[in-house]
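Colleague: Show me how the following folds:
(one chain, ligands or ions: 1)
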Amino acid sequence: MIRMQAVNKWYPSGDTKLHALKNINLEIHSGDYVSLMGPSGSGKSTLLNMIGLLDVFEDGEYWLAQHPTHELSEESRARLRREHIGFIFQSFQLIPRLTAFENVALPLVLSEVPSHERQQKVTSVLKQMDMLARAHHRPSQLSGGQLQRVAIARAIVTEPSVILADEPTGNLDQQSGHDITELLENLNRRGITLIVVTHDPALGQRARRQIRMIDGALVNS
Ligand SMILES: Nc1ncnc2c1ncn2[C@@H]1O[C@H](COP(=O)(O)OP(=O)(O)OP(=O)(O)O)[C@@H](O)[C@H]1O
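Modeller: As a prediction, this is how the structure comes out:
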């Protein structure tokens with residue numbers, strides 16, 4: 001599903017450059033459940049952004065679902081991202097002035113899915129997340145756990161093959177965090193590849209495979 005070979009990423013940093021990803025070699029198979037851990041600043045979010053095609057790297061190769069993303073135009077990369085990747089963030093990243101329903105519908109609007117099909121798909125995923133009763137609430141009217149369930153509905157409405165979750169339980173109390181973890185693991189049981197960045201060892205250890213980063217490099221991939 002995911003294959004990186006000798007990927008390096010530098011960020012501009014004043015007059016010099018910061019070597020944020022150092023010779024990353026990584027293979028993740030379809031249906032895997034992987035956690036990515038490591039100290040603050042070690043490069044976890046940078047790597048997740050590369051996997052999700054949100055940012056570009058300077059050298060190396062990255063194959064996603066057998067597509068050579070390093071050779072593709074920004075437009076093709078965006079299409080591949082929409083087809084394959086669902087994102088979940090610590091801060092939920094919902095649009096405040098849109099209802100839960102409208103937030104979940106947004107990726108389908110961007111993919112030009114017809115309105116009646118959109119209606120069906122959004123209703124189905126909100127139901128799966130037990131959020132149908134709150135479909136017309138705005139984010140400010142929802143709890144943290146509910147916000148994350150809406151965000152998961154938004155991530156899965158396009159039926160992605162990979163979910164990338166950056167500290168998905170970081171802003172939640174213990175019970176809500178546990179519920180969200182179960183929801184994500186259920187999606188993985190249904191075949192979605194799940195990659196979770198976390199500082200929480202208890203969450204990280206639940207993954208079938210644990211990857212550690214230190215100072216921009218993978219330690220045990
Ligand atoms: N847009 C950017 N421009 C310049 N430097 C950046 C940028 N984003 C991240 N960095 C730097 O790259 C390194 C890796 O950052 P990254 O956010 O990937 O780490 P992380 O492991 O996810 O950290 P945390 O656990 O604190 O979220 C850090 O030194 C950070 O300061």
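
Colleague: When you work out contacts or count neighbours from here on, use the C-alpha atoms and nothing else.
Modeller: Noted.

Colleague: is the spatially most central residue of the chain in a bridge, and if so with what?
Modeller: Centroid-nearest residue in the chain, with CA atoms, centre = their mean: residue 164, separated by 2.1 Å. Beta-bridge partners for residue 164, by DSSP bridges, are residue 87, residue 195.

Colleague: Which residues are in contact with it?
Modeller: Residue 164 sits next to 48, 52, 85, 86, 87, 88, 194, 195, 196 when contact means CA atoms under 8 Å, 6 or more residues apart in numbering.

Colleague: name the element residue 182 belongs to?
Modeller: For residue 182, the host element (DSSP states H and E) is helix 174-189.

Colleague: can you give me the strands in the chain?
Modeller: Here the chain has its strands, by DSSP state E, at 2-13, 16-28, 33-37, 59-64, 67-68, 85-89, 162-166, 193-197, 209-214, 217-218.

Colleague: Pull the residues that contact the second one.
Modeller: Put plainly, it is strand 16-28. 1-12, 42-43, 46-47, 60, 215-218, 221.

Colleague: What about the ligand: which of those touch it?
Modeller: When CA under 6 Å from any ligand atom is applied, the members of these adjacent to the ligand are 11, 12, 42, 43, 46.

Colleague: can you pick the most crowded of those residues?
Modeller: Counting neighbours by other CA atoms under 10 Å, residue 43 leads these with 24 neighbours.

Colleague: wouldn't residue 33 be in contact with residue 205 here?
Modeller: No. Using CA atoms under 8 Å, residue 33 is not in contact with residue 205; the gap is 10.6 Å.

Colleague: Could you check which of the two has the larger neighbour count?
Modeller: The neighbour comparison of residue 33 against residue 205 (other CA under 10 Å) goes to residue 33, with 24 against 13.

Colleague: Who is the more buried one paired with across the strands?
Modeller: Counting by DSSP bridges, residue 33 is bridged to residue 194.

Colleague: export the strands of the chain to TSV and tack on mean pLDDT?
Modeller: Shown next, in TSV, are the strands of the chain (pLDDT from 0 to 100):
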stretch	mean pLDDT
strand 2-13	97
strand 16-28	97
strand 33-37	98
strand 59-64	97
strand 67-68	97
strand 85-89	97
strand 162-166	98
strand 193-197	98
strand 209-214	97
strand 217-218	98
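
Colleague: Throw those into TSV and include distance to residue 96, thanks.
Modeller: Output for the strands of the chain, formatted as TSV (distance: least, CA to CA, whole Å):
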stretch	distance to residue 96
strand 2-13	31
strand 16-28	32
strand 33-37	29
strand 59-64	32
strand 67-68	35
strand 85-89	15
strand 162-166	20
strand 193-197	25
strand 209-214	34
strand 217-218	37
